[in-house]
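Q: need the 3D shape of this:
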Amino acid sequence: MKNLDLSALNTGNVKDMSGMFCGCGVKSLNLMNFNTRNVNNMTHMFFRCLNISNLDLKSFDTRNVSDINGLFAGCKNLTNVDVSSFNTKNVFFMKCLFFNCEKITNVNLSNFNTKNVDDMSSMFQSCTNLRTVDLSSFDTTNVINMSGMFAFCKCLVNLDLSSFRTDNLIYMHDMFSGCVSLYNLNMSSFNCSNGKKLKSDGFVSILDFIGLGKMFKQCVSLTNVKISAIDSRNPQFMDDLRHCGAKNLKIYIKKNN
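A: Sure, this is the predicted structure:
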């Protein structure tokens, strides 16, 4: 099956669309008449839809959705996705949202309301062709997990996260790991003091791998990094940064925090 037309489907009473098209082999979906007003769960809705290249979701009403974990994860041939109408004010979980969307080069999330989100881990992980992403509108005040958020985004060159607020952030290991082309990184508003290496009874435990571990691993092109004064005094953070593998690393410290 190459095409699936669901324009006549009445979904007005549906509350859960998790995994709805998981693993489907179709090349196109007509969802223009989907009524999603009462849906609260869209977890993995399009997970591993390997043949779909375009998704037009501008008709989706997501005002009641709380979970979009892995919504497009594994859509390896997805090049365009329109989420301009998404209302995410009630969303708490965005983990793996675009995980392994290998062909996406840019994504517009300027309309996203992220004030209630607490998990953004692996959100763009393995988006190997992602070149630009504007997250200046993101409210990250309540986020506790950003681990692997940009891991293996091999084509990202510039990343401005200066608007991020991270006072509640705990998990950030591998956040930029494998970003081999990343040249400019602005994280001058970050406070990574909560992301400490954890130990149990004096022994290194599995919890040792959360927090800050390998945050900048293989960021070999990293040249200009802007950090906060509070992070410049964090030994583990600075050690992680200085061992990123970059030969021309320059660190600029924002003094007013």
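Q: and the pLDDT for the closest residue to N108 other than its chain neighbours?
A: Counting by CB to CB, 6 or more residues apart in numbering, N108 lies nearest to S84, which is 6.6 Å off, once chain neighbours are set aside. C-beta here means a position set from N, CA and C on the backbone, and glycine is covered the same way. pLDDT, S84: 90.
Q: what does N30 give?
A: N30 is assigned 85 on the pLDDT scale.
Q: ok, N257 next?
A: The model reports N257 with a pLDDT of 55.
Q: just checking, the residue nearest to N108 touches F60?
A: No. With contact defined as CB atoms under 8 Å, S84 does not count as touching F60 (10.0 Å).
Q: more crowded one of these two?
A: More crowded of S84 and F60, by other CB atoms under 10 Å: F60, with 23 against 13.
Q: the closest residue to that one other than its chain neighbours: what's it in contact with?
A: Distance criterion CB to CB, 6+ apart; nearest residue to F60, sequence neighbours excluded, is T36 at 5.0 Å. By CB atoms under 8 Å, 6 or more residues apart in numbering, the residues touching T36 are 11, 14, 17, 42, 60-62, 65.
Q: in a helix, that's where T36 is, yeah?
A: No. T36 sits outside any helix when classified using DSSP: H, G, I helix; E, B strand; the rest coil, being coil.
Q: returning to what we had before: show the buried residues in the contacts of T36.
A: Buried residues within the contacts of T36, counting neighbours by 16 or more other CB atoms under 10 Å: 11, 14, 17, 42, 60, 62, 65.
Q: isn't there a helix covering the last one?
A: Think V65. No. Per three-state DSSP, V65 lies outside any helix segment and is coil.
Q: what pLDDT does it get?
A: According to the prediction, V65 has pLDDT 98.
Q: go on, N194?
A: The model's pLDDT for N194 equals 81.
Q: so it makes contact with I170?
A: Yes. At 5.0 Å, N194 and I170 qualify as touching, with contact defined as CB under 8 Å.
Q: who's more crowded, the two?
A: Comparing N194 with I170 by neighbour count (other CB under 10 Å), the higher total belongs to I170, at 18 against 15.
Q: gap between that one and S232?
A: Relative to S232, I170 is positioned 20 Å away (CB to CB, to the nearest Å).
Q: which stretches in the stretch 51-200 of the chain count as strands?
A: For the stretch 51-200 of the chain, applying DSSP state E, counting those that start in this stretch gives strands covering 54-56, 80-82, 106-107, 132-133, 158-160, 184-187, 199-200.
Q: what comes into contact with the first one?
A: Okay, so that is strand 54-56. 28-29, 31-32, 46, 72, 75, 78-82.
Q: have a look at this structure and report its longest helix.
A: Taking DSSP state H as the criterion, the chain has its longest helix at helix 235-242.
Q: beyond it, next helix or strand please.
A: Following helix 235-242 in sequence order, the next helix or strand is strand 250-254 (DSSP states H and E).
Q: buried ones in that next one?
A: For strand 250-254, a neighbour-count test (16+ other CB under 10 Å) marks K254 as buried.
Q: now that strand, how far from the chain's geometric center?
A: Put simply, strand 250-254 sits 25 Å off its chain's centre (CA atoms, centre = their mean, to the nearest Å).
Q: check the protein and tell me which residue is nearest its centre.
A: In the chain, the residue lying closest to the centroid (CA atoms, centre = their mean) is M123, at 2.2 Å.
Q: coming back round to it: who wins for proximity to K255 among the strands of the stretch 51-200 of the chain?
A: Distance to K255, taken as CB to CB, is lowest for strand 184-187 among those, at 14.9 Å.
Q: report all helices and strands that that closest one contacts.
A: Contact here means 3 or more CB pairs under 8 Å, 6 or more residues apart in numbering; DSSP states H and E; on that basis strand 184-187 packs against strand 158-160, strand 224-228.
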